[in-house]
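Chemist: After the sequence you'll find the predicted model.
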Amino acid sequence: MEKESYLDKLRGKDKIRILFVCLGNICRSPAAHGIMDKFVKETGEENRFELDSAGLYGGHAGELPDHRMRVHARRRGYELTHRSRPVKMSDFDDFDLIVAMDNSNYDRLRGFAPTLEAEEKIVRMIDFVKGFPGYDYVPDPYYEGAEGFELVLDLLEDGCRNMLETLA
């Protein structure tokens with residue numbers, strides 16, 4: 001992982017604030033948020049982590065996650081109740097880790113980062129995914145069928161589990 005030294009610094013913090021980001025904040029990032037929230041609670045670490053998600057496109061602001069993502073997530077025991085919101089400049093100050101779902105999200109976030117320190121906080125979700133070789137980003141399932149949503153949940157479960165382990 002290229003950001004290993006920054007992640008090492010986070011391990012020692014009492015509170016780690018993580019923001020998951022995708023394009024519309026209705027599929028991938030709220031799913032990552034919900035999965036990580038459940039994993040954090042299962043490990044008894046809920047007081048140590050603050051989680052949120054946002055999108056680079058504000059057109060879905062205030063909406064629940066995509067119905068199909070909620071259905072697939074619910075089958076796995078995740079309730080996705082987050083309301084979509086756009087990324088704000090204050091997020092670069094408010095969060096310790098900003099997790100991009102794909103390379104386009106990553107590049108845009110880096111372009112928005114107001115400082116080099118803020119840019120250092122931005123990581124790719126796929127860098128935490130270990131069990132799915134051959135994937136170099138978390139694909140957007142919006143225009144896919146059921147298998148697209150299931151794949152995204154598989155990738156995010158693996159990535160969130162490894163992220164939590166890395167930060168523990």
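Modeler: That came through, no problem.

Chemist: Look at stretch 116-131 and report the distance between its end residues.
Modeler: From its first residue to its last, stretch 116-131 covers 31 Å (C-alpha to C-alpha, to the nearest Å).

Chemist: now this structure, which segments are flagged as low pLDDT?
Modeler: Low-confidence segments of the chain, defined by pLDDT under 70: 1-4.

Chemist: spatially speaking, which residue is in the middle of it?
Modeler: For the chain, the residue nearest the mean C-alpha position is Phe20 (2.9 Å; C-alpha atoms, centre = their mean).

Chemist: residue contacts, that one?
Modeler: 28-30, 32-33, 36, 51-54, 99, 101, 125 (C-beta atoms under 8 Å, 6 or more residues apart in numbering). Bear in mind the C-beta positions are built from the backbone N, C-alpha and C, glycine included.

Chemist: That one belongs to a strand?
Modeler: Yes - counting by DSSP: H, G, I helix; E, B strand; the rest coil, Phe20 is located in a strand.

Chemist: beta partners of it?
Modeler: Beta-bridge pairing for Phe20 (DSSP bridges): Ser53, Val99.

Chemist: Do a quick rundown of the strands in the protein.
Modeler: Per DSSP state E, the chain carries strands over the ranges 16-22, 49-55, 97-100, 122-124.

Chemist: Contacts only, for the nearest residue to Met163 once chain neighbours are set aside.
Modeler: Distances taken as C-beta to C-beta, 6 or more residues apart in numbering place Phe128 nearest to Met163, at 4.4 Å, with adjacent residues excluded. By C-beta under 8 Å, 6+ apart, the residues touching Phe128 are 1, 158-160, 162-163, 166.
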